[in-house]
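Q: Return a 3D structure for these sequence lines:
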Amino acid sequence: MSVERWSPDKVLSLAPDQGAAKSGRGLITSAHWAGQGRFDDMLWGLCRGSGARPYQVCVDLTGPAYRCTCPSRKIPCKHALGLLLRWANGGVPDDDGPPDWAMEWQAERAGRAQRAEQRATRSPKAPGEGLADPEAAARRAQQRAGRVETGLVELDRWLADQIEQGLAATEQAGYRPFQTMAARLVDAQAPGVAGAVRRLGWVVGVGTNWADRLLSEFALLRLLIVAHGRLPELPPGLAATVRTRVGYPVATDDVLAEPEVRDRWEVLGRFDTADDRLTSRRTWLRGEQTGRFAVVLAFAPVGQTLPADLEPGTVVDAGLCFYPAAVPRRALVKARYGEPVPAYAAPTGAVPVRAAVAEHAQAVAAEPWRESTPMLLADVIPTDDGRLVDPAGDALALHPDDDRPWWLLAAAGARPVVVAGEYGHNGFRPLAAWPDGRHVPALPGEPRVAPGGPPELPPDLLSAALVGTARRPWSADRLDIGGGHRLSIAIPGNLHRAAGQLEVAQEGELGEQAPTELGGGAREEAVGHQGAGPGAGGQWVGSGGSARALLEAAAVALTYRRAGETPLAGRATIAPAPEEVRPIVPPAAAERLDILLTEGATGWGGPAQRAVLGQWLVEAAKRQLLVPPETLPTLLDLGRRDTAVRPALGAVAGRRGHWLAQRQNDWRYFRDVGGEAAAADPQDWQTGTPGERLAYLVALRAADPAKALDLLTEAFDGESPHDRVLLLGALETGIDRRDEALIEHALDDRRREIRQVAAELLRKLPGSALGDRMATRAAASVHFADGALTVTAPASIDAAMLRDDIDPSPPRGVGLGAWLLEEVVSATPLAFWTTLTGRDPAGVVALPVADGWQPVLLRGLARATAAQRDPVWAAVLLDHADSAPAETGGDGLGDRLTWPLLEVLPGGERGRRVAAALRRDTAAGIRLLHFCADDWSDELASAALRAMAVLAPDNAWQLSELCRLAMPAMPTSFVGRVEALVRSLDGLPEGRRSARYLAQLAAVLGFRHDMIEEFA
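A: You can find the predicted model right below:
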């Protein structure tokens, strides 16, 4: 196979919207497909729809490109996404004989590709070649240039009006004037400037320092207007940049006619942005030999997908052609010389922070409108306050959207790492990192309403712009740009053209004058050569002269500041994460974890996916393996919401998981989660988190219970209440009579939660003093005589009962005496009853009880059995519940007490009982299956399969619940029998719905089988 299998995450990234992604995930199961296969680099499938004929679906993996006979206008449609997801999960077999319709489509694509290659490789066109009428084309170009100039003249007046009336008035007007101006610029065929003006409408009044950002963008627009008026005088590269910014189109053929730059291009990362009409993708590459950065842009309307042919973390041998610009970055892929291959090491050519910032400054000096610059930083250390610091102490602030990149902090562990990203005046946006040579893509940040950061423009400029130059005319020959630096502004005389013509500067470009670095406290001067100037009396002439002067001065100050930027110096790093002592899971298992952490990536999703994720964590913990560190933030968020995964998560998160959790308030819960006992360190007892101290104490209890008891006894009274609760629970491991003194001491604690833990431990300790006290209370309340039990319920509760954790508050509808009796019986040793009556457990349960007290005694006995984990009593009580089920009035055990009894039984016995319940009453058996989540025997699985066969023809709703419970628990060896049941449903009325549920079950069983194999 020439194309490596994609991950489900990559497939879902192609979805045009969330609706298509969700629908595609619903088509992952085999029940929806009448046939599918892979031939070479093409997938084909027949997807069952609402009509009689299935939809014909094809996917060319090299494009990718899609073809489907469904009427959807989305590209790719849900059927193509479903086929790709099936292939990503291993559900599409190889096929050497695809159908004719698939081969015809592949042949058509090959023919189009060949013709396109012929056009690309032929000699470049001469000027005018291929045009029906070159003179008419020249006239159209001249007409467009005239319309653009007219639009820019109008924009120039509009900008001057905004500054004259003041930005405070602009805020009151809102975004509508910006939309109106942008529409006029679209009519003037200047789409680049129109888009910039439209986006500015959402800056007004939003966030802190909005006026500073708005004035900065106004100044850059004024600078662009001036530069456009001088296009013939500008260097070719800068002129090309100006034309691009204005919105002049550049023909693809013209770019491909440029010299090809062939190299092995490392795909560093990509970044997607979207507005209400268009989605764009920037993919950054770097040549291994040339050291050049290149960005490949892709655009797609809303509802369509973006190309994914350049996958981050790969290397592609290709020839690129660059768009002309002052600093050429954007490129087109002209030719490929092989398939992409994975990159197994960090990219070469990474530089320190100071050198990268100097390159950025040069780029801004050459192109003042530049928004960002690519960087490949060497050995930077991420901190938890939003910085990247290199060994020299130079630092970059992260972009506000990415100022807490937990994925990067987790992946690097606060150790030096190579990081690629984009740097602009708002900060650095990481796109990927290479810890230990592994490519780790960035997780998307949280978009902010408006970027933060200090203002960039001098205060006097900003205050004049806010009030308006009509009220406060602005003129100055020097600008204080902050930091002890000032600019001298020398503006030529009146350079206005005749009335109605555009006012432009006549001397050299600003970028050549801007310094790249400022010395501390030095007095710097630069000369700006722009714009209209003062008349003989020193006043600006012409309408808006003072406003234009302010905008041009702002452009000088802004470019000077950005082009003179230096890194933050002397920044300290944080203590790195401790070294791990266990290995990370194999790569295949790590990829499986990524699938499970991607919502809906499996196609069955929901509770089943979470349950299988829990199984993955347990399997990794059994093998004493760690999760990839970059997945820790997602897993810690999951553990915050789902307490059931915390024990397994504590075993696979390693030391880095605990280190990371201390840096985020939402993960503070993880401080109390113990780790893997084998990894416990004696030093953890002195300096570790509560969870690490617990892990050490549990490990010590397993190896030397007496030493662990002495350690806890010595420290117990000095611990905080929170830690006393946590550490006291460690005594459950290997509990014996030596622990009783400390636990009895804990019963006298002022904190009720500590007394509760102590009472629970003592109830599990055979022969404890608490058990004796409870037996005494039970003997005072329950009497055996003449083959029957009589009851005298306690009338009140005393201090001694409260100390032994007897709850004084009965549930609603239960009398105090009945409740106190149940509480006493639930804490009484079970041996008391056999001694009292001289009968075995079955005989005790069968005894008659006077005055209707039997239900109370049975509930107390059931609770005592669950606490003391006695399987004999559990079996007897379950037999009694089966023979006398709970009545409507609640006079039996009921599910609330039956389920804990099932958990006491050995796995085989539990499965046998639930299997019998399924055969006897399917609905009751399904309820009991909730407590057989991890140990389905073959007998139980066979009973469940028979129940599925009974439910499938006419009860799809109940079948869906049974399949959901079977997904994480049924043995994977049953996948063939489930698939056979799916095939048997063809033609039945409820067959399609039932087959869908059963097909999902089969998919999960296959997924779990592969998951276990990947740990080997």
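
Q: use CA for all of it now, contacts and neighbours both
A: Noted.

Q: before we move on, which element is Leu727 in?
A: If you go by DSSP states H and E, Leu727 is part of helix 721-728.

Q: That helix: what's the following helix or strand?
A: Following helix 721-728 toward the C-terminus (DSSP H and E): helix 740-746.

Q: hang on, Val242 packs against Gly229?
A: No - Val242 is beyond contact range of Gly229, at 10.1 Å (criterion: C-alpha atoms under 8 Å).

Q: and those two? which has more neighbours close in?
A: Each of Val242 and Gly229 has its neighbours counted (other C-alpha atoms under 10 Å); Val242 has more, 24 against 18.

Q: Please read off the pLDDT at Arg227 from the model.
A: That one is not Arg; residue 227 is Ala. Per-residue confidence (pLDDT) for Ala227: 93.

Q: and it, how many residues sit next to it?
A: Ala227 is flanked by 22 other residues according to other C-alpha under 10 Å.

Q: In terms of helix, strand or coil, where does it fall?
A: Three-state assignment for Ala227 (DSSP: H, G, I helix; E, B strand; the rest coil): helix.

Q: So it versus Asp156, what's the distance?
A: Distance, Ala227 to Asp156, using C-alpha to C-alpha, to the nearest Å: 12 Å.

Q: cool, Gly97 as well?
A: Relative to Asp156, and taking C-alpha to C-alpha, Gly97 is found at 65 Å.

Q: okay, those two: which has more neighbours?
A: Taking neighbours as other C-alpha under 10 Å, Gly97 and Asp156 compare with Asp156 leading, 20 against 10.

Q: shaky segments in the stretch 1-150 of the chain?
A: For the stretch 1-150 of the chain, the stretches with pLDDT under 70 are 1-3, 50-51, 116-134.

Q: which residue packs closest to Met948, ignoring adjacent ones?
A: For Met948, ignoring the flanking residues on the chain, the nearest one in space by C-alpha to C-alpha, 6 or more residues apart in numbering is Leu959 at 6.1 Å.

Q: Identify each buried residue in the helix or strand containing that neighbour, please.
A: Per DSSP H and E, Leu959 falls inside helix 956-966. Neighbour-count burial for helix 956-966 flags 956, 958-960, 962-966 (criterion: 16 or more other C-alpha atoms under 10 Å).

Q: OK, contacts around Leu905?
A: 871, 874-875 (C-alpha atoms under 8 Å, 6 or more residues apart in numbering).

Q: Can you name every helix or strand that the helix or strand containing Ser216 contacts?
A: Per DSSP H and E, Ser216 falls inside helix 210-229. Contacts defined by 3 or more C-alpha pairs under 8 Å, 6 or more residues apart in numbering; DSSP states H and E place helix 210-229 against helix 134-165, helix 191-200, helix 236-246, helix 459-467, helix 545-563.

Q: okay, the angle between that helix and helix 134-165?
A: The directions of helix 210-229 and helix 134-165 differ by 150 degrees, with axes from the mean of the first three to the mean of the last three C-alpha atoms, to 10 degrees as the criterion.

Q: starting at the chain centroid, how far to helix 210-229?
A: Relative to its parent chain, helix 210-229 has a centroid offset of 36 Å by C-alpha atoms, centre = their mean, to the nearest Å.

Q: Run through who's touching it.
A: By C-alpha under 8 Å, 6+ apart, the residues outside helix 210-229 that reach it are 149, 152-153, 156, 159, 167, 193, 200, 203-205, 234, 239, 242-243, 245-246, 368-369, 455-457, 462, 465-466, 502-505, 530-531, 548, 551-552, 554-555, 558.

Q: Would you list the buried entries among these?
A: By neighbour count, with 16+ other C-alpha under 10 Å, the contacts of helix 210-229 hold 149, 152-153, 156, 159, 167, 193, 200, 203-205, 234, 239, 242-243, 245-246, 368-369, 456-457, 462, 465-466, 502-505, 530-531, 548, 551-552, 554-555, 558 as buried.

Q: Ala608 is in contact with Glu599, correct?
A: No - Glu599 lies out of contact with Ala608 (C-alpha under 8 Å); the separation is 11.6 Å.

Q: ok, the two, which is more surrounded?
A: Between Glu599 and Ala608, counting by other C-alpha under 10 Å, Ala608 is the more crowded of the two (19 against 16).

Q: Distance-wise, check the more buried one relative to Cys963.
A: Counting by C-alpha to C-alpha - Ala608 and Cys963 are separated by 10 Å.

Q: And for Pro99?
A: Separation of Pro99 from Cys963 (C-alpha to C-alpha) stands at 34 Å.

Q: how about Thr898, what does it touch?
A: Thr898 makes contact with 862, 878, 881, according to C-alpha under 8 Å, 6+ apart.

Q: Can you report phi and psi for Asp666?
A: Dihedral angles of Asp666 (phi, psi; degrees, to the nearest 10) stand at phi -70, psi -20.

Q: scratch that, Gly852 is what I was asking about
A: The phi and psi values for Gly852, taken as degrees, to the nearest 10, are phi 70, psi 20.

Q: Same question for Arg282.
A: phi -110, psi 120.

Q: That one: how many residues sit nearby?
A: Neighbour number of Arg282 under other C-alpha under 10 Å is 17.

Q: dump the residue contacts of it.
A: Counting by C-alpha under 8 Å, 6+ apart, Arg282 touches 270-272, 295-298.

Q: gap between the residue positioned nearest the centre of the chain and Arg656?
A: Centroid-nearest residue in the chain, with C-alpha atoms, centre = their mean: Leu443, separated by 5.8 Å. Distance of Leu443 to Arg656, computed by C-alpha to C-alpha: 19 Å.

Q: Same check on Gly26?
A: Applying C-alpha to C-alpha, the value for Gly26 to Arg656 is 36 Å.

Q: Equivalent analysis for Trp369, please.
A: Distance, Trp369 to Arg656, by C-alpha to C-alpha: 42 Å.

Q: same question, Ala916
A: From Ala916 to Arg656 the distance is 47 Å (C-alpha to C-alpha).

Q: Can you give the strand pairings for the longest strand along the chain, parallel or anti for each?
A: Longest strand in the chain, counting residues (DSSP state E): strand 261-274. Strand 261-274 has the following strand partners under DSSP bridges: strand 278-287 (antiparallel), strand 314-322 (antiparallel).

Q: avg pLDDT for the shortest one?
A: Mean pLDDT, computed over strand 314-322, is 94.

Q: The longest one too?
A: Model confidence over strand 278-287 averages 90 on the pLDDT scale.

Q: what about it, distance to the chain center?
A: That offset, for strand 278-287, works out to 20 Å (C-alpha atoms, centre = their mean).
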